[in-house]
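In: how would this look folded up:
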Amino acid sequence: MSHDAPLISSMSETKAILQKHGFTFKKSLGQNFLTNPQLLMQMVSAADLTTKEQVLEIGPGIGALTQLLAHSADKVVALEIDQRLLPILADTLAAYHNVKVMNQDVLKTDLAELVRANFDHVEPIKVVANLPYYITTPILFKLLAAPVPFAKIVVMMQKEVAQRLVAEPGHKDYGSLSVAIQTKMTAKIEFKVPKTAFVPQPKVDSAIVSLTPLDTPLIPESQQASFNQFVLVAFKQRRKQMINNFLNYFGKSDQLRADLSRYFEGIGIKPTVRAEALSLVQLKQLYQILLKNNYHFN
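Out: Model (predicted):
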């Protein structure tokens, strides 16, 4: 493995690679390449990798982050959707024999099967990736839903999405995404990344977020999909009282309104509350009492 190879992420090297291969950016794939080695090193550092750990990378681009991961981890498997980048990656990562690039769309990939076929099951697997802005949320949900015990997820995303992941109850950014993440993970914004660090330059700033699994998830795995649906209903129209969102979902009736009000009050919640005011524990309590009274979310 070559530690003295030029850094792919330096502006001069990135430009040289793009020019050599005649590569043009596809807006539809949300391609923005980070040209700041220091920021990428900080990102790798946030993943806290050991030389025994393995990494899944999503969207390696021309290999800027992949190169640094190859130095730090035992193995890197990188999923790249754009076929045009495969010969470039074969060239830029030729010296790194612990890297495997696969032409796959992460959203269509069976992650359990991918892990079974490509990773050693004894050592931890971490996800480190610069996520395309336009599919950040679907990718996060895919990673959370996968029956794979990822030891840590460190991803770059639009700053606004990052703020939603870490938002607390009562904050304007707190919503269904905050709840879905925080019932399974501890979310932390590691640092912000200015838009000027990318080629081409996006319209918004980014942030690096680390997600670390909770020792005990707030919701049992068997109820996770149902709970996520409950959360989507609860936050459906943020400006509405939450009780009205449930009435819209189950079918309006005076009896249902009376029943829901009683369930709310039974756990110390005002029927007039909005979902964004409730803590994770309160949402869990409400979900469980609705389930107990045969209100199902699927």
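
In: pLDDT wise, what is the closest residue to F25 other than its chain neighbours at?
Out: The shortest distance from F25 to any non-neighbouring residue, by Cβ to Cβ, 6 or more residues apart in numbering, is to Q31 (4.7 Å). For the C-beta atoms, the positions are set from N, CA and C on the backbone; glycine is no exception. Residue-level confidence at Q31 comes out at 77, pLDDT.

In: Quick check: the closest residue to F198 other than its chain neighbours vs Q201, distance?
Out: Taking Cβ to Cβ, 6+ apart, and ignoring the residues beside it in sequence, F198 has N32 as its nearest neighbour in space, at 4.3 Å. According to Cβ to Cβ, to the nearest Å, N32 and Q201 sit 8 Å apart.

In: neighbour count winner among these two?
Out: N32 (21 against 12; other Cβ atoms under 10 Å).

In: residues contacting the more buried one?
Out: F25, Y133, F198, V199, P200, Q201, P202 (Cβ atoms under 8 Å, 6 or more residues apart in numbering).

In: try N98
Out: So N98 contacts M1, A70, A73, D74, K75, V76 (Cβ under 8 Å, 6+ apart).

In: most surrounded residue in those residues?
Out: V76 (27 neighbours).

In: Strand partners (parallel or antiparallel) of the helix or strand containing that one?
Out: Using DSSP states H and E, the element containing V76 is strand 75-79. Strand 75-79 pairs in its sheet with strand 54-58 (parallel), strand 99-102 (parallel), by DSSP bridges.

In: and that strand, how far out from the chain's middle?
Out: 17 Å (Cα atoms, centre = their mean, to the nearest Å).

In: Setting aside sequence neighbours, what's the nearest residue to K26?
Out: D82 (6.7 Å).
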